[in-house]
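1. The amino acid sequence is not available; the structure is as follows:
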Ligand SMILES: Cc1ncc(COP(=O)(O)O)c(C=O)c1O
């Protein structure tokens, strides 16, 4: 970055000084950034140390550089005052350049990425947050340490594009027993969460213009993945039995796929009935469509027994099953899986290799041991008890303090429940005001595509201790009044 020209008439010391000063004034070097030692600079640029020492001394004297104990020389945290106005702001440096600069068509269709206030905090009602203080961190960290200590060539190199066989075998066993899937390890691909699972699935099976049934209301990020793949979304209403298959057939009989959350519909919390499951499988078989089953949190069920997964009921290799560790462990792990019909495995591998080659190896090994040594099953058992208590406390508090204002629509599974508002409140506005009071509830209406959205809230209880729930519900009641 600091260019030296030996043939220039300017002295070396001046060239070094000017280059650093310009880089700092223009903002390409930022406060706190480390400057190479004079010795290293001289050796890498092939110049003697004297001009470098002189230039550094001047930059220090003028306040562009400062020395920090333990960090060597860094760009000053406050550069000389008279220069401050010319330092470009982030917005200026990102200003559009002249001339046409076209975006990809489907990227342009994605909604603007927002950071609404309810996503910014953690605590009462935040959705998707687990009870992180209950996670067996000591076990996890000792497994991480164990695997880091014995890193061999295999862990350093690119892993298998489908993921490690040890982890895939443990997952296949778990899915066969706990979720009644029909699958072998060869069909399991490790991915960085359901989001990537859906992305790979869409690239392998769908084309721009393909019509896809999506649940109305549904999970917005999954819709975005389909939009990016160029798909045309067909919203299909969800009622008390899950996605209304007959309505889907009326709207688009020839759709290429249906994306569903049958175990625990997001966000209404419904479990798809056995009749609807069979109807959906029949439709897929008769019209040649795919079913993408997003099973994101079915480990936690509180009422009725789980119904077998769609994948387990499917006799025609039409279901792609997506699973994730985001709820059952923690979301920053970015670990999930997709179960692929046998004859499509190589197509999915081809897509995967073109995207990101393979998943990272170390956490796969850690997770495989975490499951194989029984910690995973133990963690699920403990969390099921904890979340059941939190959910019961929330349901009871809602009945006591909010019963006249809201209706609970689904609370039989997972780490959230949804309530709809009985009168003309706007969920968006209330959620904004709630966030100012550290209540991180999500409004329900953005889960709908187009008009006719119901107003309500998605209330997470995963990270809200029982003792805090009544007070949080009362705060929400005050906002609604
Ligand atoms: C319906 C649904 N699917 C999937 C996920 C999880 O996605 P990921 O595995 O990418 O973290 C979520 C998370 O909130 C979700 O609500």
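-> It's in. Owing to the predicted nature of the structure, the values given are computational and were not obtained by experimental measurement.

2. how far does stretch 73-80 sit from the chain's center?
-> Chain-centre distance of stretch 73-80: 36 Å, with CA atoms, centre = their mean, to the nearest Å.

3. avg pLDDT for it?
-> Confidence over stretch 73-80, taken as the mean pLDDT, stands at 85.

4. Repeat that for stretch 393-407.
-> 95.

5. Now do the end-to-end distance for that stretch.
-> Across stretch 393-407, the terminal residues are separated by 16 Å (CA to CA, to the nearest Å).

6. Give me every residue in contact with the helix or strand hosting residue 469, excluding its own residues.
-> For residue 469, the enclosing helix or strand under DSSP states H and E is helix 469-480. Applying CB atoms under 8 Å, 6 or more residues apart in numbering, the external contacts of helix 469-480 come out as 124-125, 390, 393-394, 397-398, 400-402, 405-406, 421, 425, 430, 433-434, 437, 439, 441, 457, 461, 464. To be clear about C-beta, it is placed using only N, CA and C from the backbone, and glycine gets the same treatment.

7. Once you drop chain neighbours, what's closest to residue 170?
-> residue 371 (4.4 Å; CB to CB, 6 or more residues apart in numbering).

8. Just to check, that neighbour is in contact with residue 174?
-> Yes - contact criterion CB atoms under 8 Å: residue 371 and residue 174 qualify, at 6.8 Å.

9. Figure out how far the helix holding residue 469 is from the centre of its chain.
-> Put simply, helix 469-480 sits 28 Å off its chain's centre (CA atoms, centre = their mean).

10. quick one: buried residues of it?
-> Buried residues in helix 469-480, counted by 16 or more other CB atoms under 10 Å: 469, 472-473, 475-477, 479-480.

11. which residue ranges form the strands in the stretch 251-400 of the chain?
-> 257-260, 290-295, 319-324, 336-339 (DSSP state E, counting those that start in this stretch).

12. sorry, back to before: pLDDT (mean, whole number) over the helix holding residue 469?
-> 96.

13. any idea whether the residue nearest to residue 450 when sequence neighbours are not counted is helix, strand or coil?
-> Leaving aside its sequence neighbours, residue 450 sits nearest to residue 235 (CB to CB, 6+ apart; 6.7 Å). The three-state label given to residue 235 by DSSP: H, G, I helix; E, B strand; the rest coil is strand.

14. who does residue 235 bridge with?
-> residue 214 (DSSP bridges).

15. on that earlier part again, please flag which of the contacts of helix 469-480 sit within strands.
-> Using DSSP state E to define strands, the subset of these located there is 406, 421, 457.

16. Surely residue 3 is in contact with residue 19?
-> Yes - contact criterion CB under 8 Å: residue 3 and residue 19 qualify, at 6.5 Å.

17. who's more crowded, these two?
-> residue 19 (16 against 9; other CB atoms under 10 Å).

18. Leaving out sequence neighbours, find the closest residue to that one.
-> Computed as CB to CB, 6+ apart, the closest residue to residue 19 that is not its neighbour in sequence is residue 2, at 4.3 Å.

19. cool, residue 424 as well?
-> Residue 424 sits nearest to residue 455 (CB to CB, 6+ apart), 8.0 Å away.

20. Might you name the residue of the stretch 151-300 of the chain sitting closest to the ligand?
-> Using CB to the nearest ligand atom, the closest approach of the stretch 151-300 of the chain to the ligand is made by residue 193 at 2.9 Å.

21. Who are the contact partners of that residue?
-> So residue 193 contacts 324, 326, 331, 334-336 (CB under 8 Å, 6+ apart).

22. Quickly list what the closest residue to it other than its chain neighbours is bridged to.
-> Excluding its sequence neighbours, the residue lying closest to residue 193 (CB to CB, 6+ apart) is residue 336, at 4.3 Å. Residue 336 has these beta-bridge partners by DSSP bridges: residue 191, residue 324.

23. Give me the distance between residue 336 and the ligand.
-> 5 Å (CB to the nearest ligand atom, to the nearest Å).

24. check contacts around the residue nearest to residue 424.
-> Residue 455 touches 420-421, 424-427, 443-445, counting by CB under 8 Å, 6+ apart.

25. Now flag whichever of those is closest to the ligand.
-> residue 444 (13.2 Å).

26. And that closest one, what's its pLDDT?
-> 97.

27. Now the phi/psi pair for it, please.
-> phi -80, psi -30 (degrees, to the nearest 10).

28. Check residue 72 too.
-> phi 70, psi -140.

29. so it sits right up against residue 33, yeah?
-> No - contact criterion CB under 8 Å: residue 72 and residue 33 do not qualify, at 11.3 Å.

30. Tell me how many other residues surround residue 332.
-> 9.

31. got the residues of the stretch 1-150 of the chain near the ligand?
-> residue 128 (CB under 6 Å from any ligand atom).

32. Just the closest residue of the stretch 1-150 of the chain to the ligand, please.
-> residue 128 (4.4 Å).

33. Would you agree that residue falls within a strand?
-> No - under the criterion used here (three-state DSSP), residue 128 is coil, not part of a strand.

34. what's around it, how many residues?
-> Counted with other CB under 10 Å, the neighbours of residue 128 add up to 17.

35. what residue ranges in this structure score low on pLDDT?
-> Along the chain, segments meeting pLDDT under 70 span 80-97, 305.

36. can we see that at 50?
-> Scanning the chain for pLDDT under 50 picks out 85.

37. Show the contacting residues for the residue nearest to residue 193.
-> 190-197, 322-326.

38. Closest one of these to residue 257?
-> residue 322 (12.5 Å; CB to CB).

39. what's the closest non-adjacent residue to the closest one?
-> residue 197 (4.1 Å).
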